[in-house]
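Undergrad: Generate a structure from the sequence data that follows.
(chains A and B)
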Amino acid sequence: MRATRGAELAPALRSLTAPDRVSTTPPDRLAYARDLWPRGMLGLKTGQAPAHPPDVVVWPTSTAEVQAIVRLAVENRVPIVPFGAGSGVCGGTLPLAGGMVVDLKRMRRLVNLDRASLTATFEAGILGEHLEHELARRGYTLGHFPSSIMCSTLGGWLAARSAGQCSTRYGKIEDMVRSVELVTGTGEVIDTTGSHGLGADFDQLLIGSEGTLGIFTRAVVAIRPAPEARILRGFSMPRVAAGCEAIRRVMQRGLRPSVVRLYDEIDTLMARSSAAKEEKAAAESEDPEERAVAGWLGLLGSEQGKRMRDGLRRRLVGAALGASVGRMRVLNRAADALLPRLSGGCLLIVGCEGDRPLAEAEARATFREIERAGGKDLGPGPGERWLRHRYDVSFKLSKMFQAGAFADTMEVAVSWDRLLDLYRAVREALAPLCFVMAHFSHAYADGCSIYFSFAAAAGDDQALAEERYDAIWRTALAASTSVGATISHHHGVGLSKAAYMPAEHGESMAIFRALKRVLDPHGILNPGKMGL
Amino acid sequence: MTGHDTQAMGRHAAALSGAVGADHVTVAGERLTVVPGAAGEVIEAVRLARAARLPIRFGGALSTDGASVSCDFGRMTQMLHLDETSLLVHVQAGITLGALEERLGARALTLGAAARRSLDRRVGAALAAPRPEEACPRGRFLEACAAIDGVLLDGTALHTRMAPRRATGPDLSHALLGARGTTGAITGAWLRVLRRPPVTRFVGAAFGEGKAAIAVACALLDRGIRPADLSIADGALAAGEIGGGALADRETVLALRLDGMADPVAAEEALAVEQAASAGGRPVSSPLIEAWLTSLTASAELSRREPRLTSRPHRRHATFIPWCDLAAAFAAAGPRAELSALTPAGGALSSDAPITPRPDPLAIWRAALAHALDEGGSLPEPRTR
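TA: Numbers count the residues shown, from 1 in each chain, chains lettered A, B, ... in the order given. Below is the predicted model of the structure:
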């Protein structure tokens, strides 16, 4: 693969697109040399330039231009990395072999809205927030709300099998798609319109391919009328196991809550800490909603208990940022031992939405199931607070890096019979290496996803920090796969998990490789990713 | 001509008998039929067919002319594992949906409404060659499949990972699901099952025009109702199968089966009644609706025990129609037209008249994938535009 040929193609690319839609300038090449993979940020923090900048960046505005770009790349055997908004956390858009980055963000139109079929056709480069805005102003919603909604695109969602925070009701992105248009690695266009209902779902062989089989250029998605009512509620569950049991019961009763999020004891402690910042102002507020938040916080226990929990939280965070590897196990064990005794419990956020009478009936049945599993009703405050802050997480990581630490998240999924085994196995394995907490979300009748968050001190030595980071991931994925969990629920594979793909799929990788031979026979699309 | 004479087929049968057992291999003319008892025996059949350059067809796959190997899954009928915590069942491909439904019923479980119209089909056939009517507003039967066991055309055995959802590349099960055996055989499956619902209600309404019934069905789905069954019968069909005495001449009937928890079911029932009435629908009694919807879903085995539940012979032809075309297609389908398996995407239209199947716009890509899996080498250049 001749990486440097990419820049030489700039004049041809300008003639295929427009002069101002092709760039070889260092700032643009630098900007497109990274995504939000935390490992890449370790180098960035020390001022090191990304190792793999693209040679050229191009911004097409139509499927025809994407076709022409791909054909030019094929003729010159130059690699292509399709690019949405760069919010990926697995290194999936790093141009490992240089070449072209094809940024789809100028393909952002709502092409058609079919009110009879309740479908909308969008170009793939539209940002999530803009897509929802386009639908909302017409009275509809897609129902897809990933925390990255402001910095991710429809094409990126399709490429990585994204999940939104309301997936329990609306499904993941692959459940919402009616058809896709994709430009293959030969420059052909596959349009799956008209194939729905014929049996085979070819869409499902394209979605999740992370730019290795083709470039998504548009999609037809199912839409719904914007919900008439939204009912949010918080519950305190005595233990993680009780919370999981509550969620399992709800999902297996055929109920369809829009939001289900169970935070383990440590994650609950952190959530309360954030909420506490609002507590003082809320308690004095004239706004009844804010006073409700204060009331919720007041329910968490005695003043003495709150002081102890706050102290523990400060020590945990402080230790996580500065602790040596040797002290991590002690830290995690202390948290495990102390938190249940402080009677904090686990916070469970549940929401139902839709047509008002249906949402209210669903909420009644859902809340009753949770209470039967031991849940204590905390009122609407915790849920409404979650709703206000639900996109904050994407903007918090940089603070961790500024503070001298690194943080990352691992989202894995497994069937209900092994869910608690998965939770314990990963926490136990990571205990010596980092500070770890988790929440359970994206629940289904047959299983659930666990979202592990971990943090550790980065130190000043980049190589040591990377070594520590890699060791954490190796350990976490080994623990996860040891109980039969999948290696990713919605972040994708990219570069960071590529080595685990053969073990994940076994002999079935033959199918993925066959698809690659069919759709990208020259191997120009996003090389080096997904274990292909 | 294939060049395989009866003598050659006899030699192939003898070779396969060693692995499968002589009782499970037969030859009739140029067709060799093998009845494997396990996935390993399917692999032997695939390898033999590949070595002899014979086409092989599996269960419900499309038939081939001339010399061929036919793989009958009639012995692979085991329920291998039932996980009642995760509501998953692992079965061999040859078990029928009806037999599986009966075994699940003993544990107060069910395959769900999407499977009810095809209880006589084998699991492998329903997954490899799904029919439009194998769906309900909660999804298609295909979507109940959490993972598959299969054999590719080169004899490779595979097991896709069972996970509630994943983001680890394409969903590779779909290389075999719906592929009608062109890419390999499905030898087993992990299926999602449901608990039997505590509450069931039947709601029906009669309309003077088909398009009014379709509009109500569409509005109900838009508002978020997800019935276990939602079907529409035109005047001729309704008069014959639902109860002519209870219906006025040529009235189209909208029928819903609602099940689940008491509160949501009651809310859905109220909404359905209100929506139908506001569109001029006249209520049809619940027992009539229950009898009709149940008759559509009874398996042959159940029918023998319960003659009331007479299974309709497979003489009707169904095709999938998206919502935007449903009203026009229903009106043009002729007498005894039925819309079933209505989902937010569309529905299955059936009638006594043959309906021309829609061409598959992706046939060339499916063929290319099959070729790649079979040969693993160079490919014809597929072209769509």
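Undergrad: Tell me, please, where in the stretch 151-300 of chain B the pLDDT is lower than the cut-off.
TA: B:244, B:298-300 (pLDDT under 70).
Undergrad: 90 instead?
TA: B:154, B:180, B:240-241, B:243-250, B:294-300 (pLDDT under 90).
Undergrad: now residue A:363, what's its secondary structure?
TA: helix (DSSP: H, G, I helix; E, B strand; the rest coil).
Undergrad: how many other residues sit next to it?
TA: Other residues near residue A:363 come to 23 when the count uses other C-beta atoms under 10 Å in any protein chain shown. From N, CA and C alone the C-beta is placed, and that goes for glycine too.
Undergrad: go on, the one 4 residues further on?
TA: Taking other C-beta under 10 Å as the criterion, the count of residues near residue A:367 is 19.
Undergrad: Quick check: mean pLDDT of the host helix or strand of it?
TA: Assigning secondary structure by DSSP states H and E places residue A:367 in helix A:356-372. Mean pLDDT, helix A:356-372: 97.
Undergrad: That one packs against which elements?
TA: For helix A:356-372, the elements it packs on are strand A:229-237, helix A:240-252, strand A:346-354, helix B:262-278, judged by 3 or more C-beta pairs under 8 Å, 6 or more residues apart in numbering or on different chains; DSSP states H and E.
Undergrad: Residue B:136: which of those is closest?
TA: Ranking these by proximity to residue B:136 (C-beta to C-beta) places helix B:262-278 first, at 13.9 Å.
Undergrad: about what we covered before: now for the helices and strands packed on helix A:356-372, which one comes closest to residue B:170?
TA: Judging the helices and strands packed on helix A:356-372 by C-beta to C-beta, what sits closest to residue B:170 is helix A:240-252, at 25.5 Å.
Undergrad: quick one, what contacts residue 228?
TA: Picking chain A for this. Counting by C-beta atoms under 8 Å, 6 or more residues apart in numbering or on different chains, residue A:228 makes contact with A:354-356, A:359.
Undergrad: wrong one, chain B
TA: So residue B:228 contacts B:112-113, B:136-138, B:197, B:200, B:257-259 (C-beta under 8 Å, 6+ apart).
Undergrad: you'd agree residue B:344 is up against residue A:143?
TA: No: at 11.8 Å, residue B:344 does not count as touching residue A:143 under the criterion of C-beta atoms under 8 Å.
Undergrad: Could you check which of these two is surrounded by more residues?
TA: residue A:143 (24 against 20).
Undergrad: Any chance of the backbone angles for the closest residue to the more buried one other than its chain neighbours?
TA: Closest residue in space to residue A:143, ignoring its immediate chain neighbours: residue A:170 at 3.1 Å, by C-beta to C-beta, 6 or more residues apart in numbering or on different chains. When read as degrees, to the nearest 10, the backbone of residue A:170 gives phi -100, psi -10.
Undergrad: roughly how far apart are residue A:170 and residue A:144?
TA: 7 Å (C-beta to C-beta, to the nearest Å).
Undergrad: so what sits against both of the two?
TA: In contact with both residue A:170 and residue A:144: A:164, A:176, using C-beta under 8 Å, 6+ apart.
Undergrad: So which of the two has more stuff around it?
TA: Applying other C-beta under 10 Å to residue A:170 and residue A:144 shows that residue A:144 carries more neighbours, namely 25 against 22.
Undergrad: of the contacts of residue A:228, buried ones?
TA: Taking 16 or more other C-beta atoms under 10 Å in any protein chain shown as the criterion, what is buried in these is A:354-355, A:359.
Undergrad: between those residues, which is nearest residue A:110?
TA: Using C-beta to C-beta, those come closest to residue A:110 at residue A:354, 23.3 Å.
Undergrad: Name the SS class of the nearest residue to that closest one once chain neighbours are set aside, please.
TA: Nearest non-adjacent residue to residue A:354, counting by C-beta to C-beta, 6+ apart: residue B:224, 4.2 Å away. Three-state call for residue B:224 (three-state DSSP): coil.
Undergrad: What is the burial count for residue B:224?
TA: 21.
Undergrad: That one touches residue A:358, doesn't it?
TA: Yes: if you go by C-beta under 8 Å, residue B:224 and residue A:358 touch, sitting 5.3 Å apart.
Undergrad: can you tell me how far the residue nearest to residue A:354 sits from residue A:170?
TA: Residue B:224 is 11 Å from residue A:170, by C-beta to C-beta.
Undergrad: what is in contact with these two at once?
TA: What both residue B:224 and residue A:170 touch, as defined by C-beta under 8 Å, 6+ apart, is the set residue A:224.
Undergrad: Any stretches of chain A with poor pLDDT?
TA: A:1-7, A:41-51, A:116-117, A:193-201, A:266-345, A:389-405, A:435, A:457-462.
Undergrad: could you redo the last one with a cut-off of 50?
TA: Scanning chain A for pLDDT under 50 picks out the ranges A:1-3, A:288-301.
Undergrad: one step back: need the winner for burial among the helices and strands packed on helix A:356-372.
TA: Ranked by mean neighbour count, these are led by strand A:346-354 with a mean of 27 (mean count of other C-beta atoms under 10 Å in any protein chain shown).
Undergrad: Which elements pack onto that strand?
TA: By 3+ C-beta pairs under 8 Å, 6+ apart, strand A:346-354 packs against strand A:229-237, helix A:240-252, strand A:259-263, helix A:265-284, helix A:356-372, helix A:381-388.
Undergrad: What lies in contact with the third one?
TA: In this structure, residues lying in contact with strand A:259-263 by C-beta under 8 Å, 6+ apart are A:165-166, A:168, A:232, A:237, A:240, A:243-244, A:246-247, A:250-251, A:271, A:346-351, A:383, A:386, A:437-441, A:443.
Undergrad: Do a quick rundown of the strands in the stretch 351-500 of chain A.
TA: Ranges of strands in the stretch 351-500 of chain A, per DSSP state E, counting those that start in this stretch, are A:376-379, A:405-415, A:435-443, A:447-457.
Undergrad: what's around residue 364, how many residues?
TA: Unless you meant another one, I'm taking chain A. When neighbours are counted by other C-beta under 10 Å, residue A:364 comes out with 17.
Undergrad: I was thinking of chain B, sorry if that wasn't clear
TA: Neighbour tally, residue B:364, other C-beta under 10 Å: 15.
Undergrad: Can you point out the buried residues in the one helix or strand it maps to?
TA: Per DSSP H and E: residue B:364 is located in helix B:363-375. By 16+ other C-beta under 10 Å, the buried positions in helix B:363-375 come out as B:365-374.
Undergrad: quick one: average confidence on it?
TA: 86.
Undergrad: Quick one: list the elements packing against that helix.
TA: In this structure, helix B:363-375 packs against helix A:509-519, with contacts taken as 3+ C-beta pairs under 8 Å, 6+ apart.
Undergrad: try 10 Å
TA: Helices and strands touching helix B:363-375, by 3 or more C-beta pairs under 10 Å, 6 or more residues apart in numbering or on different chains; DSSP states H and E, are helix A:203-206, helix A:509-519, strand B:145-152, strand B:184-192.
Undergrad: could you dump the longest one to CSV, C-alpha only?
TA: Yep, that's helix A:509-519 we're talking about. Only the C-alpha atoms of helix A:509-519 are listed here, as CSV (Å, rounded to 0.1, in the frame of the first residue of the first chain):
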residue,chain,number,x,y,z
MET,A,509,-14.8,-15.1,10.4
ALA,A,510,-14.7,-16.9,7.1
ILE,A,511,-18.0,-15.2,6.3
PHE,A,512,-16.5,-11.7,7.1
ARG,A,513,-13.5,-12.4,5.0
ALA,A,514,-15.7,-13.6,2.2
LEU,A,515,-17.7,-10.4,2.4
LYS,A,516,-14.4,-8.5,2.3
ARG,A,517,-13.3,-10.3,-0.8
VAL,A,518,-16.7,-9.6,-2.5
LEU,A,519,-17.0,-5.9,-1.5
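Undergrad: re earlier: okay if I get the contacts of residue A:228 as TSV plus distance to residue B:270?
TA: Converted to TSV, these look like this (distance: C-beta to C-beta, whole Å):
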residue	distance to residue B:270
A:354	15
A:355	11
A:356	12
A:359	14
